[in-house]
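Asker: got a structure for you, letters missing:
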């Protein structure tokens, strides 16, 4: 299934601007993924270390990684499970229960290409930054910090191919994509950032 996603709200970058911190983060999550680690570090743009941004392809254009789409699928699937609109029997039949859904998405659903180009509406590849306050609670009380993220504008598009080993998963994938109109992807998505619409692309 080939689809086009169009972002109806700005999409914020998630890549940490400091290469040393990013390398430590990747190793903590995937200590054996040395090849993948080097690939992702090489794709880091040169930005301020206190900012987040988009990775860059070999031409220096902003992009997403395939696993970011799969991460969205996991979040959308979890939301679907929480709604109780499907019975446990329906979820078990495709191994999308609360316990199994992440493993199923990892092992039976694949997103192509590995590097997903952001097709920007302005075409020049220059992106603004979005700054916002972050609030949190600690034992010492509330704290406020500032966050700054590279921002792809409304109208940005991506094209991906979604391959499944179980065709019964296609209907679920379409429901997850519909969820993108409510909760998007990327940084600050709870505020509405990263929302998108989608359409299926017909094979030529």
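Answerer: Good, I have the coordinates. Remember, predicted model here, so these are calculated numbers, not experimental data.
Asker: can we go C-alpha only for contacts and neighbour counts from here?
Answerer: OK.
Asker: ok, how many other residues are close to the closest residue to residue 165 other than its chain neighbours?
Answerer: Residue nearest to residue 165 in three dimensions, not counting chain neighbours: residue 108, with 5.2 Å by C-alpha to C-alpha, 6 or more residues apart in numbering. Using other C-alpha atoms under 10 Å, residue 108 has 13 other residues around it.
Asker: Distance of residue 81 relative to residue 92?
Answerer: According to C-alpha to C-alpha, to the nearest Å, residue 81 stands 11 Å off from residue 92.
Asker: more neighbours, the two?
Answerer: Using other C-alpha under 10 Å as the criterion, residue 81 and residue 92 rank with residue 81 on top: 18 against 13.
Asker: Does that one lie in a helix or a strand, and which?
Answerer: Secondary structure assignment for residue 81, by DSSP states H and E: helix 66-83.
Asker: Identify each buried residue in the helix or strand just after that helix, please.
Answerer: Per DSSP H and E, the first helix or strand lying C-terminal to helix 66-83 is helix 88-93. Across helix 88-93, burial judged by 16 or more other C-alpha atoms under 10 Å covers no residue at all.
Asker: can you check stretch 59-69 too?
Answerer: 61-66, 69.
Asker: do stretch 153-173 as well
Answerer: Neighbour-count burial for stretch 153-173 flags 153-160, 162-164, 169-170, 172-173 (criterion: 16+ other C-alpha under 10 Å).
Asker: quick one: which of those residues is nearest residue 126?
Answerer: Distance to residue 126 across these (C-alpha to C-alpha) is lowest for residue 153, with 10.2 Å.
Asker: Quick check: the residue nearest to that closest one when sequence neighbours are not counted vs residue 191, distance?
Answerer: In space, and not counting its chain neighbours, residue 153 is closest to residue 10: 4.6 Å by C-alpha to C-alpha, 6+ apart. Applying C-alpha to C-alpha, the value for residue 10 to residue 191 is 11 Å.
Asker: These two: who's more crowded?
Answerer: Per other C-alpha under 10 Å, whichever of residue 10 and residue 191 has more neighbours is residue 10, with 22 against 10.
Asker: my guess is residue 96 is in a helix, correct?
Answerer: No: using DSSP: H, G, I helix; E, B strand; the rest coil, the assignment for residue 96 is coil, not a helix.
Asker: Helix or strand: which one has the closest residue to it other than its chain neighbours?
Answerer: Leaving aside its sequence neighbours, residue 96 sits nearest to residue 104 (C-alpha to C-alpha, 6+ apart; 6.7 Å). Element membership of residue 104 [criterion: DSSP H and E] is helix 101-108.
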